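In: A structural model of the following input is requested.
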Amino acid sequence: MQNAGTDTGIITSMGKLRKITVEVPETTLKRAQRVAGEGVTGTVRRALEELARSDVFEDLLALRGVARFTESLDRIREDRD
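Out: Residues are numbered from 1 along each chain as shown. Here you go, the predicted model:
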């Protein structure tokens, strides 16, 4: 990640940033920080990124069994020999 300046701490490679205020139960935050191994900002960022990715995962699950292969199973397995 690249910083806008050496003293600012502003990360420019992530695009436009928004500062938010969020009230969460302290115990929930502490547990989440322990799992993430990060501070408040890193923990919240990670949680939001995972939530944003979840819709993509849901789309992939919806395709389960729908994808069609143009190669036969025998042809796909040829590289194992």
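In: Please count neighbours and contacts with C-alpha atoms only from this point.
Out: Fine.
In: Pass me the low-pLDDT residue ranges in this protein, would you?
Out: For the chain, the stretches with pLDDT under 70 are 1-14, 67, 81.
In: What ranges does it have for its strands?
Out: Using DSSP state E, the chain contains no strands.
In: Buried residues of the longest helix along it, list them for me.
Out: As assigned by DSSP state H, the longest helix anywhere in the chain is helix 40-62. Buried residues in helix 40-62, counted by 16 or more other CA atoms under 10 Å: Thr43, Val44.
In: helices or strands up against that helix?
Out: When contacts are defined as 3 or more CA pairs under 8 Å, 6 or more residues apart in numbering; DSSP states H and E, helix 40-62 sits against helix 26-36.
In: Show me what the helix it packs on is in contact with.
Out: Helix 26-36 has contacts (CA atoms under 8 Å, 6 or more residues apart in numbering) with Gly39, Val40, Gly42, Thr43, Arg46.
In: Could you find the closest non-adjacent residue to the second one?
Out: In space, and not counting its chain neighbours, Val40 is closest to Gln33: 6.7 Å by CA to CA, 6 or more residues apart in numbering.
In: Nearest to Ile20, out of the contacts of helix 26-36: which one, please.
Out: Val40 (12.0 Å; CA to CA).
In: coming back round to it: okay, the angle between the longest helix of the chain and helix 26-36?
Out: For helix 40-62 against helix 26-36, the angle between stretch directions is 70 degrees (axes from the mean of the first three to the mean of the last three CA atoms, to 10 degrees).
In: Alpha carbons of helix 40-62, in PDB - could you do that?
Out: Taking Å, rounded to 0.1, in the frame of the first residue of the first chain, the C-alpha atoms of helix 40-62 are listed here in PDB:
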ATOM      1  CA  VAL A  40     -10.400  -1.700  15.500                       C
ATOM      2  CA  THR A  41     -10.000  -0.300  12.000                       C
ATOM      3  CA  GLY A  42      -8.500  -3.500  10.600                       C
ATOM      4  CA  THR A  43     -11.100  -5.600  12.200                       C
ATOM      5  CA  VAL A  44     -14.000  -3.500  10.900                       C
ATOM      6  CA  ARG A  45     -12.400  -3.300   7.400                       C
ATOM      7  CA  ARG A  46     -12.000  -7.100   7.300                       C
ATOM      8  CA  ALA A  47     -15.500  -7.700   8.400                       C
ATOM      9  CA  LEU A  48     -16.900  -5.400   5.800                       C
ATOM     10  CA  GLU A  49     -14.800  -6.900   3.000                       C
ATOM     11  CA  GLU A  50     -15.900 -10.400   4.000                       C
ATOM     12  CA  LEU A  51     -19.600  -9.300   4.000                       C
ATOM     13  CA  ALA A  52     -19.100  -7.600   0.600                       C
ATOM     14  CA  ARG A  53     -17.600 -10.800  -0.800                       C
ATOM     15  CA  SER A  54     -20.400 -13.000   0.500                       C
ATOM     16  CA  ASP A  55     -22.800 -11.900  -2.300                       C
ATOM     17  CA  VAL A  56     -20.300 -13.200  -4.800                       C
ATOM     18  CA  PHE A  57     -20.100 -16.500  -2.900                       C
ATOM     19  CA  GLU A  58     -23.900 -16.700  -3.000                       C
ATOM     20  CA  ASP A  59     -23.900 -16.200  -6.700                       C
ATOM     21  CA  LEU A  60     -21.300 -19.000  -7.100                       C
ATOM     22  CA  LEU A  61     -23.400 -21.300  -5.000                       C
ATOM     23  CA  ALA A  62     -26.400 -20.600  -7.100                       C
END
